[in-house]
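Asks: only geometry, no sequence info:
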């Protein structure tokens, strides 16, 4: 079987996928505002917080407690806990599993 062609991406800085090679054109997302480390960003409602942060160009979500090195999204499926952030005052939230909602306040850890 021949490989699928790459999906087209939107022209916005987040380079979001607007059409899927199998599913076809995707519905326009409902955009919401959220705050990360004191700055306001936009993301798609319901997408993982990690995806919204990556689309905004944010790769570092905190520092390793042991080494002090930057932490970010590693596995993307909730196994590694590298993407932990504080959401609305609750610490150790896995950003790769937590859906984005309007008005969330997210802080690096």
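Replies: Okay, I see it. Worth saying up front: this structure is predicted, and the values here are computed from it rather than measured.
Asks: Can you report how many residues neighbour residue 85?
Replies: Neighbour count for residue 85, taken as other Cβ atoms under 10 Å: 25. (Each C-beta comes from the backbone N, C-alpha and C, glycine too.)
Asks: and the closest residue to it other than its chain neighbours, backbone torsions?
Replies: The shortest distance from residue 85 to any non-neighbouring residue, by Cβ to Cβ, 6 or more residues apart in numbering, is to residue 95 (4.8 Å). As for residue 95, its main-chain torsions (degrees, to the nearest 10) stand at phi -70, psi -20.
Asks: Return the residues in contact with residue 95.
Replies: By Cβ atoms under 8 Å, 6 or more residues apart in numbering, the contact list for residue 95 reads 48, 49, 50, 53, 61, 73, 83, 84, 85, 87, 106.
Asks: let's see it at 7 Å
Replies: 48, 49, 50, 53, 61, 83, 85 (Cβ atoms under 7 Å, 6 or more residues apart in numbering).
Asks: The spatially most central residue of the chain: which element?
Replies: Nearest residue to the geometric centre of the chain (Cα atoms, centre = their mean): residue 51, 1.9 Å. Assessed by DSSP states H and E, residue 51 sits inside helix 49-55.
Asks: I would like the residues contacting the very next helix or strand once past that helix, please.
Replies: Following helix 49-55 in sequence order, the next helix or strand is strand 62-63 (DSSP H and E). Strand 62-63 has contacts (Cβ under 7 Å, 6+ apart) with 69, 70, 71, 84, 85, 108, 109.
Asks: rewinding a little: give the rounded mean pLDDT of the helix holding residue 51.
Replies: Mean per-residue pLDDT for helix 49-55: 94.
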